[in-house]
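Engineer: pasting the structure only:
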């Protein structure tokens, strides 16, 4: 089983890297970019056969390590 | 004073802080590998030194905060034992939830490496007893992720409980936009735990302990610790 975990900054948390990327896109002339927030993606291989078990393990992984829940949200998706 | 300096893969300031402790307290600290499960018996002070533990992978200090020795450090802090985290050590303390908040990428997105004045916010703690009230000290900063942030409630609690240890300031002790070297909320450079026994700070007092390298304003912190131990 494979999963994708996406970690993003919570709303309201200042994101200077996102701002810099936004500025770079503007200077490249890419039209219509109103804002950029940057984050992280983790593609994870799992040995679980049950989706419920996999989701529980991924939630534990996010809470314990992958996200700093003071400033970050996470989203878990099982992919096939 | 019996102290222990924890070494993580990628720590690089452990010798500087060990020398500062030896000069101030007269005893050589134990150097402790992060894979250890326990602190040497009778440890008064644990130091998490600066550096780039685990190459700053994932988030600064995130992986080190989950190292085996950190359970012992947490237990030591819970007993009221002294813990000092400098730079990457401060990041590790925040990631291990021994201190609240988080150190974000510097506001100007650049690694900042320079001399920096700090205002000592209080001098009635184990870490700052040797400084005069409101003292302005001249130390060093060297970090890319040192912008202190926390939610509004946490900042309010830190401020109202007098838990801000140091603020970035100019030579006169004034808080100005230019003196806030990384965009930290309220120019916060270091904070205490609720019990005042855990201190995390981004600047490097251990750099400024000898006139040979341009100043001694950092010595006071280590002398304060040695003195607090003698008085205890």
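Structural biologist: Alright, I've got the coordinates. Fair warning: this is a prediction, and the values are worked out from it, not measured in the lab.
Engineer: Report all helices and strands that the helix or strand bottoming out on mean pLDDT in chain B contacts.
Structural biologist: Sorted by mean pLDDT, DSSP states H and E, the helices and strands of chain B end with helix B:219-231, the least confident at a mean of 90. Here helix B:219-231 touches helix B:14-25, strand B:82-86, going by 3 or more C-beta pairs under 8 Å, 6 or more residues apart in numbering or on different chains; DSSP states H and E. Any C-beta I mention is one placed from the backbone N, CA and C, and that applies to glycine too.
Engineer: Same list, these, but as a markdown table with distance to chain A, mean neighbour count and mean pLDDT please.
Structural biologist: Output for the helices and strands packed on helix B:219-231, formatted as a markdown table (distance: least, C-beta to the nearest C-beta, whole Å; neighbours: other C-beta atoms under 10 Å in any protein chain shown; pLDDT from 0 to 100):
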| stretch | distance to chain A | mean neighbour count | mean pLDDT |
| --- | --- | --- | --- |
| helix B:14-25 | 24 | 20 | 94 |
| strand B:82-86 | 16 | 26 | 98 |
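Engineer: got a markdown table for the ones you listed, with distance to residue A:64 too?
Structural biologist: Formatted as a markdown table, those follow (distance: least, C-beta to C-beta, whole Å):
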| stretch | distance to residue A:64 |
| --- | --- |
| helix B:14-25 | 26 |
| strand B:82-86 | 20 |
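Engineer: Neighbours of residue A:67, how many?
Structural biologist: Using other C-beta atoms under 10 Å in any protein chain shown, residue A:67 is surrounded by 25 other residues.
Engineer: Next, the contact list for it, please.
Structural biologist: A:7, A:73, A:74 (C-beta atoms under 8 Å, 6 or more residues apart in numbering or on different chains).
Engineer: Now restrict those to buried residues only.
Structural biologist: Buried members of these, counted by 16 or more other C-beta atoms under 10 Å in any protein chain shown: A:7, A:74.
Engineer: Contact residues of chain A facing chain B?
Structural biologist: For chain A, the residues in contact with chain B (C-beta under 8 Å from any C-beta of the partner chain) are A:13, A:14, A:16, A:17, A:20, A:64, A:65, A:66, A:68, A:70, A:71.
Engineer: now do 6 Å
Structural biologist: Neighbours of chain B within chain A, by C-beta under 6 Å from any C-beta of the partner chain: A:16, A:17, A:20, A:68, A:70, A:71.
Engineer: Turn those into a markdown table, columns for secondary structure, distance to residue B:58 and neighbour count.
Structural biologist: A markdown table is the format used below for the residues of chain A next to chain B (DSSP: H, G, I helix; E, B strand; the rest coil; distance: C-beta to C-beta, whole Å; neighbours: other C-beta atoms under 10 Å in any protein chain shown):
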| residue | secondary structure | distance to residue B:58 | neighbour count |
| --- | --- | --- | --- |
| A:16 | helix | 18 | 16 |
| A:17 | helix | 15 | 16 |
| A:20 | helix | 20 | 15 |
| A:68 | coil | 9 | 19 |
| A:70 | coil | 14 | 17 |
| A:71 | coil | 13 | 21 |
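Engineer: which two in these are spaced the farthest apart?
Structural biologist: A:20 and A:70 (22.2 Å; C-beta to C-beta).
Engineer: From residue A:35, how far out is residue A:27?
Structural biologist: Using C-beta to C-beta, to the nearest Å, residue A:27 is found at 15 Å from residue A:35.
Engineer: An error on my part: the question was meant for residue B:15.
Structural biologist: Going from residue B:15 to residue A:35 by C-beta to C-beta gives 45 Å.
Engineer: Likewise for residue B:27?
Structural biologist: In terms of C-beta to C-beta, residue B:27 sits 54 Å off from residue A:35.
Engineer: So for those two, which sits in the more crowded spot?
Structural biologist: Relative neighbour count places residue B:27 above the other of residue B:27 and residue A:35, with 13 against 8, counting by other C-beta under 10 Å.
Engineer: who's in contact with stretch A:38-49?
Structural biologist: Contact with stretch A:38-49 is made by A:1, A:2, A:3, A:4, A:5, A:6, A:7, A:8, A:17, A:18, A:54, as judged by C-beta atoms under 6 Å, 6 or more residues apart in numbering or on different chains.
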